[in-house]
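>>> for reference, the sequence and a predicted model appear below.
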Amino acid sequence: MAEIITLKRNNDFRRLYAKGKSFASPVLVTYVMKNRCGYVRIGITTSKKIGKAVLRNRSRRIIREAFRNIMEDVRGSYDLVFVARGKTPYVKSGDILRAMKKELKEAGVLM
């Protein structure tokens with residue numbers, strides 16, 4: 001299984017927030033933008049509105065696992081940022097996966 005390449009620099013996140021296209025659901029917001037790297041990079045954001053560190057870490061874990069399940073279906077080279085919402089730490093990863101598939105299909109990223 002291929003490893004997930006992550007976005008780490010603040011200006012990459014800012015660029016996606018400013019110029020990327022956003023898709024929202026009650027549990028997840030996805031920002032999508034084409035890149036020139038030749039591969040998919042993802043970033044995950046959880047704010048303090050989500051809760052304490054345990055809930056923020058759970059949110060990141062279930063988002064990462066949901067993306068790992070559909071990683072092979074993503075075509076092209078994109079930068080993706082997933083933003084956790086208030087409900088995210090309280091739902092199962094299957095619900096996150098369903099929302100993620102819907103948003104990425106709407107964005108034209110999934111095969």
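In hand now; what should we look at? Numbering: from 1, shown residues only.

>>> please identify the helix or strand for residue 31.
Per DSSP states H and E: residue 31 is located in strand 28-34.

>>> packing partners for that strand?
Applying 3 or more C-beta pairs under 8 Å, 6 or more residues apart in numbering; DSSP states H and E, one finds that strand 28-34 makes contact with helix 10-19, strand 21-24, strand 78-84, helix 93-107. C-betas here are computed from N, CA, C, even on glycine.

>>> partner strands of that strand and their direction?
strand 21-24 (antiparallel), strand 78-84 (antiparallel) (DSSP bridges).

>>> what angle separates that strand from helix 10-19?
With axes from the mean of the first three to the mean of the last three C-alpha atoms, to 10 degrees defining the directions, strand 28-34 sits at 100 degrees from helix 10-19.

>>> just the angle between strand 28-34 and helix 93-107, please?
40 degrees.

>>> please point out which parts of strand 28-34 sit buried.
In terms of neighbour count (16 or more other C-beta atoms under 10 Å), strand 28-34 has its buried residues at 28, 29, 30, 31, 32, 33.
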